[in-house]
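Novice: sequence first, then the predicted structure, then my questions.
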Amino acid sequence: MSYGEFVNWVTSQGYRPAQALMLWEQFKEGLQILFTLDDGLVIETVIISNGDRGRNTVCVSSQVGCAMNCQFCFTGRMGLRRNLTTAEIVEQAVFARRLFTSEVGSIRNVVFMGMGEPLQNIENVIKAADIMVDEQGLHFSPNKITISTNGLVPQIKQFLRESKCALAVSLNATTDEVRNWIMPINRKYNLKLLLDTLREELSLKHKYKVLFEYVLLAGVNDSIDDARRIIDLVKGIPCKINQITFNPHSGSHFQPATNEKMIEFRNTLAEGGCVVFMRPSRGDDQMAACGQLGNPGELHLCSKSHQGFKHCQSPWCNRCNLYVML
Ligand SMILES: C[S@@+](CC[C@H](N)C(=O)[O-])C[C@H]1O[C@@H](n2cnc3c(N)ncnc32)[C@H](O)[C@@H]1O
Ligand code: SF4
């Protein structure tokens, strides 16, 4: 979407043209949408803009909170409140689609990387993804819908057999010792079991690649030895690797790896024959990025002025982003 198109769009939504520049800056960082569910619980959905190219991504939640307790993730601190229903999951993508009409760029990708562990809610997630793909539904291409898991092995097998959509696996460590610590699910399904399962299941699929996500935490999993171990661990698994910048949040004792480390790590992986992407962090200053979605009541207040912004009038709507309520 160009800036001109954006100005037309925000004014059609009731904003003054003078507000457009500030909103544009925020929009480029990610648009955060809060949904209040029937029982009063709140979930967050993020639309990640792809700049001028108009191909935007909606990041949907699959649960309210999460039970998995990954040590670096803000959502994990909430604990699990409940699974989302199929309708509550699909509605997030429908709403994003309605906001983004063709004139202002469209939603091309759906990623299940918001609040929750999608494969812990596998029945509703597979049904929601089916509806998103169905031509009578939202008619997305299956490879434009990515379900991200922290590594629930039996559900990974079920997903790969029952769904045509793409799978992402949050790897985040290269030894059981570190993964047991930062991702407790590893104590149940360790690295060898996880990776052997993927190797075996993907051998049954045609032209299918899994996406490994790897969040670099300074001094924890960002050494060159880690990069070399990844090359060995993923051997024989058709895959791509998404190297992610850690988004810090209050109370977290982890730090993001330096830019130099990120580049050195990426280069080591690429030299070892891996297909690797480095994903810039989007929206992290507004707590809207991966691993930062959580109970809005617990989120930090930023220092920006809220004057002139549309508010949802909810008592906890006290942040500076553009809010939309159902
Ligand atoms: C929030 S999770 C949701 C999907 C699923 N539960 C999972 O773990 O893959 C989506 C991605 O965000 C990553 N993540 C979690 N906390 C993060 C943080 N603070 N900074 C950057 N990425 C984070 C996870 O490793 C995962 O790859
Ligand atoms: S990273 Fe994923 S599985 Fe882990 S706590 Fe966060 S949302 Fe849950």
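Specialist: Everything's here; your move. Residues are numbered from 1 along each chain as shown. Ligands and ions are numbered 1, 2, ... in the order given.

Novice: run a quick neighbour tally on residue 274.
Specialist: 19 (other C-beta atoms under 10 Å). In short, each C-beta sits where N, CA and C put it, glycine included.

Novice: dihedrals phi and psi, it?
Specialist: The phi/psi pair for residue 274 (degrees, to the nearest 10) reads phi -90, psi 150.

Novice: that one touches residue 242, doesn't it?
Specialist: No. Residue 274 lies out of contact with residue 242 (C-beta atoms under 8 Å); the separation is 10.9 Å.

Novice: intersection of neighbour lists for these two?
Specialist: Common neighbours of residue 274 and residue 242 are not found (criterion: C-beta atoms under 8 Å, 6 or more residues apart in numbering).

Novice: ok, residue 6 to residue 46 distance?
Specialist: 17 Å (C-beta to C-beta, to the nearest Å).

Novice: which one of these two has more residues nearby?
Specialist: Counted by other C-beta under 10 Å, residue 6 and residue 46 do not tie: residue 46 has more neighbours, with 28 against 19.

Novice: part of a strand, is that one?
Specialist: Yes. Using DSSP: H, G, I helix; E, B strand; the rest coil, the secondary structure at residue 46 is a strand.

Novice: from memory it sits against residue 59, does it?
Specialist: Yes. Counting by C-beta under 8 Å, residue 59 is a contact partner of residue 46 at 4.4 Å.

Novice: mutual contacts of these two, please.
Specialist: With C-beta under 8 Å, 6+ apart as the test, residue 46 and residue 59 both reach residue 114.

Novice: beta partners of the closest residue to residue 48 other than its chain neighbours?
Specialist: Sequence neighbours aside, residue 57 is the residue nearest to residue 48 in space, at 4.5 Å (criterion: C-beta to C-beta, 6 or more residues apart in numbering). In this entry, residue 57 is beta-bridged to residue 48, residue 109, by DSSP bridges.

Novice: and the stretch 1-150 of the chain, which residues reach ligand 2?
Specialist: 66, 68, 70, 73, 75-76, 116-117, 150 (C-beta under 6 Å from any ligand atom).

Novice: neighbour-wise, which one of those leads?
Specialist: That'd be residue 116 among those, by other C-beta under 10 Å, with 30 neighbours.

Novice: tell me the SS of that one?
Specialist: Strictly by three-state DSSP, residue 116 counts as coil.

Novice: just checking, it touches residue 59?
Specialist: No. Checked against C-beta under 8 Å, the pair residue 116 and residue 59 is beyond contact range at 11.5 Å.

Novice: with residue 211 as the reference, measure out to the residue nearest in space to the middle of the chain.
Specialist: With distances taken as C-alpha atoms, centre = their mean, the residue of the chain nearest its centroid is residue 113 (2.8 Å). Separation of residue 113 from residue 211 (C-beta to C-beta) stands at 11 Å.

Novice: any idea which helix or strand carries residue 96?
Specialist: helix 86-99 (DSSP states H and E).

Novice: count of neighbours near residue 107?
Specialist: Residues near residue 107, counting by other C-beta under 10 Å: 23.

Novice: these two touch, right, it and residue 47?
Specialist: Yes. Counting by C-beta under 8 Å, residue 107 touches residue 47, with 7.2 Å between them.

Novice: overlap in contacts, the two.
Specialist: Common neighbours of residue 107 and residue 47 (C-beta under 8 Å, 6+ apart) are 56-58, 96, 100.

Novice: which of the residues you listed sit farthest apart?
Specialist: Greatest spacing in the shared contacts of residue 107 and residue 47, by C-beta to C-beta: 57 and 100 (10.7 Å).

Novice: joint contacts of those two?
Specialist: By C-beta under 8 Å, 6+ apart, the residues touching both residue 57 and residue 100 are 47, 107.

Novice: measure residue 78 to residue 223 for me?
Specialist: For residue 78, the distance to residue 223 - C-beta to C-beta - is 31 Å.

Novice: ok, residue 262 - how many residues close by?
Specialist: 17.

Novice: quick one: it and ligand 1, what's the gap?
Specialist: For residue 262, the distance to ligand 1 equals 13 Å [C-beta to the nearest ligand atom, to the nearest Å].

Novice: likewise for residue 216?
Specialist: For residue 216 relative to ligand 1 (C-beta to the nearest ligand atom), the value is 9 Å.
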